[in-house]
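Undergrad: A predicted structure for the sequence below; I have some questions about it.
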Amino acid sequence: MQNFQKSFSIIAGTIILLFSFSCQEGKKEEASNPVDVTKLEQAYDKYQEKSISVRRFKHADVIHLVKARKGDFEVTEIGKSVEGKEIYEMTIGKGETKVMLWSQMHGNESTATMALFDLFNFFEGENDGLEELRNKLLDKLTIRFIPIVNPDGMDQWIRRNALDIDLNRDAAKVASPEAVILKNARDTFSPAFGFNLHDQQTYYTAGEVATPATISVLAPAYNFETEINDVRKKAMQVIVGMNRMMEAIAPGHVGKYDDAFEPRAFGDNFQKWGTSTILIESGGYPNDPEKQYIRKLNFMIMLHAMEEIADQSFINYPLDEYDAIPENATRLMDVMIRNIQMKKDSLTYQIDLGIRRKETDANGSFYVSGGIDDLGDLSIFYGYDELDASGMEITEGKIYEPAFKKISDLTSEKALELLKAGFLAVKVKDASERELYDLPILALKNGTSIPFGIRTGGSPNFFLSKGGVLKYALVNGYLVDLEKEAGKGFMMRVN
């Protein structure tokens, strides 16, 4: 009998253990179950604001998209910028839970602003199969948007406002009128949830990997001890849901900021004042210089997050999923060339070359200046474009003669033909001062030589050849494969 009881206990224990494992596996599967993004993509495809397709736009170009709303939006001017431009808030919905989203606190960070215009279109839609989602949000939430906090910086395409103050370091002193407006908007509305919308540099990676941090997130700290209270916990849980959605559409592209407390920042103070605050930063994504795909991701994660806030589905998400989001690292270059053989006198050595391109404003448009950011052992860095140059050698380029009359006389096909012949630059007689163009070749009006130097800060203008045959061209920091079409997206200036 004792043996039977012992055997029964072992069998029962095994069954219980197996059941426990089964439940744990079920929970694990549920936690990693991908989000259905079909309706979110459907909503974006239908309601994308077609009048905006580039990152740089002026206040006057888009303010009608704020003021001329139909439907249930309540649009209110809540103040003026330093230079007298109107700042608006837009409110929609009748629910008990208040959500506030604000964008372009930094004037040159417009990705989320574009996505907000798309969201406005969505909320005005009807008879589109998305009524259930729309009605849920409008019934359960009251949503307030401030789409452009810093219109002066926006018009100059600079980070700071017209007083040269970083608005995101003015939450405590509120010296700027725009900071006063944003704080008053929060105080009068008292939102339960806040979305602080920004752009970040494109060189962040989602951890120590090659994958760009296309979206970075943070539930900011509210004190120096970085403690977690109920307010911050909810922000973390909403971010977990956002990350799950991103894993369904762009896996591995989410990074997380360090949560050191910044007592001057709006996000940290919103959290301290009782609003569960979610920071969203738009970074980089391959072949998306105008951030139109990242705009779509912004639209989707904001819509998804609002739905989870509306139905409270975020409240059981474990915080260890938030902790597991990799921290941002600055590990990307625009171009990474590995294993270049170099010589100096009698010394032969091998280096990696990391190139980054800087945008410079030019009367409302912009051009790019490429530079060598670092060289040596760059094994911990990655490139949007990568090339193993083993067995290749650096070859300097030539200037083509005779001069072209206008830059428009030169086609992309002709530019590639000249590159293949070893010409890295052309002369142009009648180019206007610092004229901008989109061709894979240097254009000189006054210049007599090609800027070149394999050193930090040097100009990456050269060829890579193998066995005497030109294989690649580096033109102002752009990598051109001479065996393929040159493509588009070159933002160049005549020198």
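TA: Arrived safely, thanks for sending. Since the model is a prediction, treat every value here as computed from it, not as a measurement.

Undergrad: alpha carbons only for contacts and neighbour counts from here, please
TA: Noted.

Undergrad: which residue ranges of this protein form helices?
TA: 2-32, 38-47, 59-62, 64-67, 111-123, 131-140, 151-156, 177-189, 230-249, 266-272, 292-311, 319-323, 412-420 (DSSP state H).

Undergrad: which stretch in those helices has the least confidence?
TA: Mean pLDDT is lowest for helix 2-32 among those, at a mean of 40.

Undergrad: can you report how many residues lie near residue 347?
TA: Neighbour count of residue 347, defined by other C-alpha atoms under 10 Å: 7.

Undergrad: residue 453 too?
TA: For residue 453, the neighbour count with other C-alpha under 10 Å is 15.

Undergrad: now residue 90
TA: A count of nearby residues for residue 90, using other C-alpha under 10 Å, gives 22.

Undergrad: beta partners for it?
TA: Listed by DSSP bridges, the beta-bridge partners for residue 90 are residue 75, residue 145.

Undergrad: and the gap between it and residue 266?
TA: Distance, residue 90 to residue 266, by C-alpha to C-alpha, to the nearest Å: 20 Å.

Undergrad: who are the packing partners of the strand ranked longest in the chain?
TA: In the chain, taking DSSP state E as the definition, the longest strand is strand 347-362. Under the contact definition 3 or more C-alpha pairs under 8 Å, 6 or more residues apart in numbering; DSSP states H and E, strand 347-362 sits against strand 332-344, strand 365-376.

Undergrad: okay, now the sheet partners of it, with direction.
TA: Here, using DSSP bridges, strand 347-362 pairs with strand 332-344 (antiparallel), strand 365-376 (antiparallel).

Undergrad: hmm, who's touching the shortest one?
TA: When you say that, I think you mean strand 365-376. Strand 365-376 is contacted from outside by 56, 350-361, 436, 454-460, 476-478, 491-493, using C-alpha atoms under 8 Å, 6 or more residues apart in numbering.

Undergrad: so where's the stretch 351-495 of the chain shaky on pLDDT?
TA: The model of the stretch 351-495 of the chain has no residue with pLDDT under 70.

Undergrad: okay, strands next: where are they in it?
TA: Ranges of strands within the stretch 351-495 of the chain are 365-376, 382-388, 393-395, 398-404, 423-428, 436-437, 442-444, 462-466, 469-475, 478-481, 492-493, based on DSSP state E, counting those that start in this stretch.

Undergrad: mind checking those for the one nearest to residue 225?
TA: strand 382-388 (34.0 Å; C-alpha to C-alpha).

Undergrad: show me what that closest one is in contact with.
TA: In contact with strand 382-388 (C-alpha under 8 Å, 6+ apart) are residues 209-210, 286, 331-339, 354, 479.

Undergrad: I'd like to know which of those are buried.
TA: 209-210, 331-339, 354, 479 (16 or more other C-alpha atoms under 10 Å).

Undergrad: of these, which is the nearest to residue 323?
TA: Ranked by distance to residue 323 (C-alpha to C-alpha), the buried ones among the contacts of strand 382-388 are led by residue 209 at 17.4 Å.

Undergrad: domain boundaries for the chain, per the record?
TA: With domains defined by automatic domain parsing, the chain comprises 32-330, 332-493.

Undergrad: and the closest residue to residue 124 other than its chain neighbours, how many neighbours?
TA: Leaving aside its sequence neighbours, residue 124 sits nearest to residue 71 (C-alpha to C-alpha, 6 or more residues apart in numbering; 5.8 Å). Residues within reach of residue 71, counting by other C-alpha under 10 Å, total 9.

Undergrad: tell me the pLDDT of residue 71.
TA: 75.

Undergrad: mind picking the two most distant members of the buried ones among the contacts of strand 382-388?
TA: So, those by C-alpha to C-alpha: farthest apart are 209 and 479, at 21.8 Å.

Undergrad: got JSON lines for the strands of the stretch 351-495 of the chain, with distance to residue 84 too?
TA: Converted to JSON lines, the strands of the stretch 351-495 of the chain look like this (distance: least, C-alpha to C-alpha, whole Å):
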{"stretch": "strand 365-376", "distance to residue 84": "23"}
{"stretch": "strand 382-388", "distance to residue 84": "41"}
{"stretch": "strand 393-395", "distance to residue 84": "54"}
{"stretch": "strand 398-404", "distance to residue 84": "46"}
{"stretch": "strand 423-428", "distance to residue 84": "43"}
{"stretch": "strand 436-437", "distance to residue 84": "31"}
{"stretch": "strand 442-444", "distance to residue 84": "41"}
{"stretch": "strand 462-466", "distance to residue 84": "48"}
{"stretch": "strand 469-475", "distance to residue 84": "42"}
{"stretch": "strand 478-481", "distance to residue 84": "40"}
{"stretch": "strand 492-493", "distance to residue 84": "33"}
